[in-house]
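In: Predicted model follows, preceded by the sequence.
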Amino acid sequence: MKNLSPVASIVVPAYNAATTIRETLDSLIDQTFPDFEIIVVDDGSSDSTVAIVKGYADPRIRLISQANRGLAGAHNTGIAAARGAYIGFCDADDLWLPEKLELHIRHLQEKPDVGISFAGSSMIDRDGKPVGINQSPKLTNITAADVFCRNPIGNGSAAVIRSEALEGFGYRPAGETERDWWFDENFRQSDDIEGWLRFIVTQDWKIEGIPGHLTLYRIHIGGLSANVEKQFATWLAMRDKLARIAPNLIARHGDRAAAYQLRYLARRCVSMRQGRTALGFALRSLKASRRPFIEEPVKSTVTLAAATFIALAGDGIYSQIETRLLGAGNA
Amino acid sequence: MTIYHLVDDAGFGGVNRMLDHLTRALARTTGKHEIIRIKRGQLSPPRLTNASHIVSHLSVCWKNMPLMTALRARYAETPLIHVEHSYSERFVTARVENRDRFETLLAAAYALFDRIVAVSAQQGNWLGRKFVGSGRLAVIEPCVELDDFHAVPDRIAGSRTVIGAIGRFDTQKGFDILIEGLRKSARQDIEVHFYGKGDEEKRLRKLAGGDPRIVFQGYAESPATAMASCDVIAMPSRYEPYGLVALEAMAAGRPVIASGADGLAGHIANGAVGVGDNTPDGWARALNELDINDFRRGAVSPRKQAKEAEQSFADRWLRLLGDLREQPHPFQMAA
């Protein structure tokens, strides 16, 4: 029985995830589609992550430990070890609703030209309580420009990939001796969007979503990267790389994508109550391209208004009205 | 009986050289071959008397659809073959704006033919997945006259390693990636020599920025002569349904470093070296590690492999033409 390959593999990259990984694994074990393996990739954790995973008796859980290679490196190790025809990803602090795997497998079986199936997410806080914000991305007719500007896949726990579609996606960079790369391990941020974008600009497989908010995505206000400027620099390096692979896409949509990225960073600064920085990013977004204001006027205006408000008035009053403002759109 | 080959007037050199070779290789074993030039957008099919097979090397585009449709109608009982020289998975992702419209076009065009010939296993996988059932799909890697390449003497490694890049200066070929990669590499003992011409030349020269390691040799009348003065051939292509240069390099006994785009993945499986990460950083890393002495002759020499490719090219075409002659045509069966 153990020799048979499971239909699906779920890759769980875990780095010092002791406080959350139990909840994550429980949500995966509870999937209504039962024929899967869970591959936990311990990416050099120094806490009790490994002990917790080893405490599970479920034979479907496999644990791989490696010296820290970053999220992309953990994803790659998991993909290399996966035996399923479908490979899902769930970060060690997020949760899957019970029917998530079943719905994605059905989607991929019904649509043979779809390579990546994804769905929307609901945000939860540190205690797993819903914060009332959903990611409800565009689901169909997704173009490379959509992925570039809006990343409909949204977070690292939303996608299920058909393993057949990984064939043209992976590569073996010079100097790598152990296994292929699918995600670029040179990127410690923007590694997911780099991967999805390269997937769609080099392969004739569709990326398509299914309705529902099937992932519970945990937001850590305190855990947000403090250095937002560095995050933007990494994103620009990612854009630079893709400009060599798909010059037309970046020539046509580079500024627009930058505007969306800057707006996203402005919103992160708003949630960190860094008013001045937020306003700076919001204005740079506007300068890069006006497309976000044309395409998503409410969200863009709210972002600019919130950034301006905190920059001028401070975060005291703002905090009281934040939920209503941010609740109006997607995260 | 005559086998007719239809060629677009926009057809590029590779197709014509392959046809020369095909007609010569098959001259003794099949009927007469005749090459017919078609004007793109021409509406009426040419008169093809006494045709045993009609082989389209045309580019599939909306402009050619009336002609292809008329061809099917007029020669309903003659086996109709289409060789897909142009399109591949990476072509689509690199060049096609409206994929739905493009897929409609290809599905409609391919439905007119009895067989679709893929020029690489990789292209065949893509065609099979998207458009053509395996019963109507054949894979025949193209081949050209390789004698000139076989005649190229082995190269004695010198103090400098010359990497050759041969082909049209077009974004397809990814020569910009190679230039940027070399400029990121500190290796002073490596030169890249470009042989070709095209729209991208100005941009490529600008990227080269006068770096003395980058040499533009102009268009090579004889690619074999060009290869003779290179140690290694680089193919950083963004898309490449087959990648004829890789076969020529093998015949010339020159190692190939290539991206994994489309048919190049097949050449890598046959002994070419994959660069892996086909970006400036990826090439810089590959060049930094490059040691010409690493390219040892394996059990099968590349030259011998190229010889085998020539033979299997002729064999597969013979088999395909034979299969289609014997099978009663579906339109005949219906009649």
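Out: Sure thing, it's come through. Residues are numbered from 1 along each chain as shown, chains lettered A, B, ... in the order given.
In: Which residue comes closest to A:Val41 once chain neighbours are left out?
Out: A:Ala74 (4.2 Å; C-beta to C-beta, 6 or more residues apart in numbering or on different chains). Bear in mind the C-beta positions are built from the backbone N, C-alpha and C, glycine included.
In: any idea which element that neighbour lies in?
Out: Per DSSP states H and E, A:Ala74 falls inside helix A:70-81.
In: next one: A:Gly115
Out: Residue-wise, A:Gly115 maps onto strand A:114-124 under DSSP H and E.
In: hmm, that strand in reach of chain B?
Out: No - Strand A:114-124 is not in contact with chain B by C-beta under 8 Å from any C-beta of the partner chain; minimum separation 10.5 Å.
In: Could you point out the helix or strand that follows that strand?
Out: Taking DSSP H and E, what comes next after strand A:114-124 is strand A:130-135.
In: State the paired neighbours of that following strand in the sheet, together with their directions.
Out: strand A:114-124 (antiparallel) (DSSP bridges).
In: avg pLDDT for the strand it pairs with?
Out: Averaged across strand A:114-124, pLDDT comes to 97.
In: before we move on, the earlier item: name the helices or strands packed onto the following helix or strand past the helix holding A:Ala74?
Out: Counting by DSSP H and E, the element after helix A:70-81 in chain order, helix or strand, is strand A:86-89. Judged by 3 or more C-beta pairs under 8 Å, 6 or more residues apart in numbering or on different chains; DSSP states H and E, strand A:86-89 is in contact with strand A:8-14, helix A:70-81, helix A:100-110, strand A:160-162.
In: Dump these into a markdown table; add mean neighbour count as well.
Out: Below are the helices and strands packed on strand A:86-89 laid out as a markdown table (neighbours: other C-beta atoms under 10 Å in any protein chain shown):
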| stretch | mean neighbour count |
| --- | --- |
| strand A:8-14 | 27 |
| helix A:70-81 | 23 |
| helix A:100-110 | 19 |
| strand A:160-162 | 26 |
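In: Output the ones you listed as a markdown table; include the columns mean pLDDT.
Out: A markdown table is the format used below for these (pLDDT from 0 to 100):
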| stretch | mean pLDDT |
| --- | --- |
| strand A:8-14 | 98 |
| helix A:70-81 | 97 |
| helix A:100-110 | 98 |
| strand A:160-162 | 98 |
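In: Please state the offset of the longest helix seen in chain A from the chain centre?
Out: Taking DSSP state H as the criterion, chain A has its longest helix at helix A:247-271. Relative to the centre of its chain, helix A:247-271 is centred 16 Å away, using C-alpha atoms, centre = their mean, to the nearest Å.
In: Please apply the same query to stretch B:184-194.
Out: How far stretch B:184-194 lies from its chain's middle: 27 Å, per C-alpha atoms, centre = their mean.
In: Look at that stretch and report the distance between its end residues.
Out: 18 Å (C-alpha to C-alpha, to the nearest Å).
In: who's in contact with it?
Out: Applying C-beta atoms under 8 Å, 6 or more residues apart in numbering or on different chains, the contact partners of stretch B:184-194 are B:159-166, B:169, B:175, B:178-179, B:182, B:204, B:213-217, B:226, B:229-230, B:234, B:280-281, B:283-284, B:287-288, B:290.
In: So which of the residues you listed sit within helices?
Out: Those of the contacts of stretch B:184-194 lying in helices (DSSP H): B:Phe175, B:Leu178, B:Ile179, B:Leu182, B:Leu204, B:Ala226, B:Pro280, B:Asp281, B:Trp283, B:Ala284, B:Leu287, B:Asn288.
In: So which of those would count as near chain A as well?
Out: Near chain A, by the rule C-beta under 8 Å from any C-beta, you find B:Pro280, B:Asp281, B:Asn288 out of the ones in helices among the contacts of stretch B:184-194.
In: Next, count neighbours for the nearest residue to the second one once chain neighbours are set aside.
Out: Here the nearest residue to B:Asp281 in space, its sequence neighbours aside, is B:Lys184; by C-beta to C-beta, 6+ apart that works out to 6.8 Å. When counting by other C-beta atoms under 10 Å in any protein chain shown, one arrives at 15 neighbours for B:Lys184.
In: How about B:Asn16?
Out: 15.
In: quick one on the thing from earlier: can you say which of the ones in helices among the contacts of stretch B:184-194 are buried?
Out: Buried by 16 or more other C-beta atoms under 10 Å in any protein chain shown: B:Phe175, B:Leu178, B:Ile179, B:Leu182, B:Leu204, B:Ala226, B:Pro280, B:Asp281, B:Trp283, B:Ala284, B:Leu287, out of the ones in helices among the contacts of stretch B:184-194.
In: I'd guessed the second one sits against B:Gly164; true?
Out: If I follow you right, that is B:Leu178. No - here B:Leu178 lies out of contact with B:Gly164, judged by C-beta atoms under 8 Å, at a distance of 10.7 Å.
In: chain center to the strand or helix carrying A:Thr234, what's the gap?
Out: A:Thr234 is part of helix A:228-245 when elements are defined by DSSP H and E. Computed by C-alpha atoms, centre = their mean, the chain-centroid distance of helix A:228-245 equals 16 Å.
In: Report the mean confidence score over that helix.
Out: pLDDT averaged over helix A:228-245 gives 94.
In: Contacts only, for the most centrally placed residue in chain A.
Out: In chain A, the centroid-proximal residue (C-alpha atoms, centre = their mean) is A:Asn155; its distance is 2.1 Å. Contact analysis of A:Asn155 by C-beta under 8 Å, 6+ apart lists A:Asp91, A:Asp94, A:Ser121, A:Gln135, A:Asp192, A:Thr215, A:Tyr217.
In: Find the nearest non-adjacent residue to the fifth one, please.
Out: In this structure, A:Asp192 finds its nearest non-sequential neighbour in A:Gly156, 5.6 Å apart by C-beta to C-beta, 6+ apart.
In: tell me which parts of the stretch 101-250 of chain B are close to chain A?
Out: B:Trp126, B:Arg129, B:Lys130, B:Thr171, B:Asp176, B:Ile177, B:Glu180, B:Arg238.
In: Any regions of chain A where pLDDT drops low?
Out: Applying pLDDT under 70 to chain A flags residues A:1-3, A:221-226, A:315-331.
In: Can you pull the residues of it lying near chain B?
Out: Going by C-beta under 8 Å from any C-beta, the residues of chain A near chain B are A:112-113, A:144, A:168, A:171-176, A:181, A:184, A:186, A:200-204, A:241, A:244-248.
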